[in-house]
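*Asks:* sequence unknown, structure follows:
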């Protein structure tokens, strides 16, 4: 078990229409520059691609333990985000996901999430599944 100290991890799957705004808002809170346009590939952004998905890892240049990971799905309109951030900002990050979850319920009448919680100590996470499929430098 890795020791994460004051790190928190949030994971969320969502309809892909929310991707751009969600990543921008989280990047802003974490002070990580994010630009998801293909031609503007910054050094701290890496892509890992398979037939079914693209995993985009956006690392915090000042703190490599903090990152935003986005799963773009090629076969489905549900994407995913994994956010690992410091405790000092986790409440803001969590609130963004709570608000988005409410928005999705309003829009679609349903959501797979009853609550949003820190999953850093959980065994079966989205991140652990992605790590089985891709050599993510995390």
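*Replies:* Everything's here; your move. Treat the numbers as computed from the prediction; the structure is a model and nothing was measured. Residues are numbered from 1 along each chain as shown.

*Asks:* Now do stretch 105-112, average pLDDT.
*Replies:* Averaging pLDDT along stretch 105-112 gives 93.

*Asks:* er, stretch 31-48 actually
*Replies:* Stretch 31-48 comes out at a mean pLDDT of 79.

*Asks:* Okay, strands next: where are they in the protein?
*Replies:* Using DSSP state E, the strands assigned to the chain run over residues 7-15, 45-49, 53-59, 67-73, 78-86.

*Asks:* Might you report the residue contacts of residue 14?
*Replies:* Contacts for residue 14 were tallied using C-beta atoms under 8 Å, 6 or more residues apart in numbering; they are 22, 78-81, 100, 104. (C-beta placed from N, C-alpha, C; glycine too.)

*Asks:* How about residues contacting the top helix by length along the chain?
*Replies:* Of all segments of type helix in the chain, defined using DSSP state H, the longest is helix 87-108. The contact list for helix 87-108, computed with C-beta under 8 Å, 6+ apart, reads 6-8, 10, 12, 14-15, 18, 22, 25-26, 29-30, 83, 85, 111, 113, 116, 118.

*Asks:* let's see it at 6 Å
*Replies:* Helix 87-108 is contacted by residues 6, 8, 10, 12, 25, 29, 83, 85, 111, 113, 116 when judged by C-beta atoms under 6 Å, 6 or more residues apart in numbering.

*Asks:* Max pairwise distance over these: which two?
*Replies:* Spanning the widest gap among these are 6 and 111, at 28.3 Å by C-beta to C-beta.

*Asks:* Give me the more crowded residue out of the two.
*Replies:* Taking other C-beta atoms under 10 Å, residue 6 and residue 111 do not tie; residue 111 has more neighbours (18 against 10).
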